[in-house]
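Participant: Sequence and predicted structure, then a few things I'm wondering about:
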Amino acid sequence: MKRFLSFIGWAVVTAAVVFAALCFFPYFNIADVKVNGIESLSEEQVTAICGLDRTHNLFAFNTLKAAAALKQNNYVKDAGFEKQFPNTLVINVDEYKVRGYIPYMNAYLYIDDDGRVLDSRPDMAKQLPVVTGLKFDSFTIGEVLKTDNPRTYAAVKEMSGYFGNYDMLENVIKVDVSDTENIHLYVDKVDVKFGGFDNANEKIMTLNEILKQIDTSVAGVLDLTAATPTFKYMS
């Protein structure tokens with residue numbers, strides 16, 4: 001029994017020595033980093049948050065600490081790592097997706113599917129719906145925006161998807177949800193009476209076709225609430 005325990009002890013010590021040696025062996029220094037799943041963050045931002053540089057050894061790199069640091073970022077829902085020996089690190093990031101913007105005091109709040117505020121910036125990173133008509137007193141980055149009608153977030157998420165599907169985000173589309181049964185869209189100078197969110201896909205498909213035929217730089221009103229859509233320029 002003593003010999004067996006002695007053997008186990010030597011095996012543990014040997015393994016520790018080998019591991020320590022590998023941690024200092026330059027052959028296993030991280031030479032290639034692959035980042036998957038990012039949309040709002042850049043690879044440079046991800047590696048900086050992880051505190052990663054080319055001097056790190058793949059064996060010694062603490063993935064638990066790096067994952068915890070990443071999840072402190074407002075855009076990161078979860079993160080995982082894969083070590084591909086001898087010198088490649090794969091970082092898999094699960095981001096909260098920006099679905100729209102809410103104007104607030106000369107800035108834009110970036111919101112996700114659930115109305116979580118991911119960021120506040122003076123400009124928009126890309127074309128997405130700009131949501132107006134929500135009432136709120138304050139906000140906290142990283143937390144869901146508390147408004148008078150949180151159900152509108154689901155509508156914004158779906159609209160964002162439809163606009164993307166129909167390639168309609170070349171122009172900024174403002175969505176006024178102050179009355180969810182009487183939603184208005186604003187495309188340049190055209191006021192679109194959208195009504196409620198029923199049959200939204202069909203309405204947006206119709207809107208997409210009509211926008212190809214009209215000049216949105218001239219003020220006009222497009223009514224999608226009637227059985228037959230109507231459009232007229234304002235005099």
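Facilitator: Perfect, thanks for sending it.
Participant: give me phi/psi at the spatially most central residue of the chain?
Facilitator: Nearest to the mean C-alpha position of the chain, counting by Cα atoms, centre = their mean, stands Lys97 at 2.1 Å. Torsion angles at Lys97 (phi, psi; degrees, to the nearest 10) stand at phi -90, psi 130.
Participant: ok, it to Tyr104 distance?
Facilitator: For Lys97, the distance to Tyr104 equals 20 Å [Cβ to Cβ, to the nearest Å]. To be clear about C-beta, it is placed using only N, CA and C from the backbone, and glycine gets the same treatment.
Participant: just Thr152 next, same as before
Facilitator: Using Cβ to Cβ, Thr152 is found at 16 Å from Tyr104.
Participant: quick one, which of those two is more surrounded?
Facilitator: Thr152 (22 against 15; other Cβ atoms under 10 Å).
Participant: which element is Leu185 on?
Facilitator: Following DSSP states H and E, one finds Leu185 within strand 183-187.
Participant: so what secondary structure elements neighbour that strand?
Facilitator: strand 173-176, strand 190-195 (3 or more Cβ pairs under 8 Å, 6 or more residues apart in numbering; DSSP states H and E).
Participant: As a markdown table, the ones you listed with mean pLDDT would be great.
Facilitator: Shown next, in a markdown table, are these (pLDDT from 0 to 100):
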| stretch | mean pLDDT |
| --- | --- |
| strand 173-176 | 91 |
| strand 190-195 | 95 |
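Participant: will you turn the ones you listed into CSV that also has distance to Lys232 and mean neighbour count?
Facilitator: Listed next are those as CSV, based on distance: least, Cβ to Cβ, whole Å; neighbours: other Cβ atoms under 10 Å:
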stretch, distance to Lys232, mean neighbour count
strand 173-176, 20, 21
strand 190-195, 10, 21
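Participant: Serialize those strands to TSV and add fields for distance to Gly220.
Facilitator: Below are these laid out as TSV (distance: least, Cβ to Cβ, whole Å):
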stretch	distance to Gly220
strand 173-176	15
strand 190-195	5
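Participant: Please identify which helix or strand holds Pro103.
Facilitator: Here Pro103 is assigned to strand 100-104, by DSSP H and E.
Participant: Residues contacting that strand, please?
Facilitator: Here strand 100-104 makes contact (Cβ atoms under 8 Å, 6 or more residues apart in numbering) with 108-111, 120, 124, 128-132, 134, 139, 145, 156, 159-160, 175.
Participant: in the chain, what spans have low per-residue confidence?
Facilitator: Along the chain, the model assigns pLDDT under 70 to residues 1-25, 27, 235.
Participant: can you pull out the strands in this protein?
Facilitator: 32-36, 76-84, 88-95, 100-104, 107-111, 117-121, 130-132, 173-176, 183-187, 190-195, 220-223, 230-233 (DSSP state E).
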